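*Asks:* have a look at this prediction, sequence included:
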Amino acid sequence: MTTSKSSTVQALPAAAPEPASFDSAALSVADTQSDAPLVDLALASIGERPFRVGASTSPAEEISALRAEVGRLSESAAEIGSASLRIATAQAANLLEDARGRISDRPLAAVGVAALTGFILGLIRAR
């Protein structure tokens, strides 16, 4: 004989998590229904006049905010490019050191591989 237990589950209202890294001006901007929330955040960070939810902004302010955002994005792209270059340089140095170690460990095999590679490249080029 099997008995079943029934339990009622009450749905709790979902609370929106508050981001810890934004200030109150950014939170009020996030509450608006804008198509470009990052531009709204940039406009709020300008601080030329107090930001009000639903307040219209002038085209000059929007352009200024877009320019600031483009400046931040270009700085980020430059940092990413610089870091990628450093990583690629380090990996190339590791690969070169590894190849030198293998050549010094097995010099005859290295000469054989080099000769075979030269022979194959010569055949390909002769065609």
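*Replies:* Ah, there it is.

*Asks:* when you work out contacts or count neighbours from here on, use the C-alpha atoms and nothing else.
*Replies:* Fine.

*Asks:* quick one: the helices in this protein, in order.
*Replies:* 24-30, 37-46, 59-105, 107-126 (DSSP state H).

*Asks:* let me know which of these is tucked in deepest.
*Replies:* helix 37-46 (a mean of 19; mean count of other Cα atoms under 10 Å).

*Asks:* list phi and psi for Arg106.
*Replies:* phi -140, psi 80 (degrees, to the nearest 10).

*Asks:* remind me which residues of the chain are low pLDDT?
*Replies:* Along the chain, segments meeting pLDDT under 70 span 1-36, 40, 43, 46-56.

*Asks:* switch the cut-off to 50
*Replies:* 1-4, 6-30, 32-33, 51 (pLDDT under 50).

*Asks:* let me see the contact set for Ile103.
*Replies:* With contacts defined as Cα atoms under 8 Å, 6 or more residues apart in numbering, the neighbours of Ile103 are 109-110.

*Asks:* how much space separates it from Phe119?
*Replies:* For Ile103, the distance to Phe119 (Cα to Cα, to the nearest Å) stands at 19 Å.
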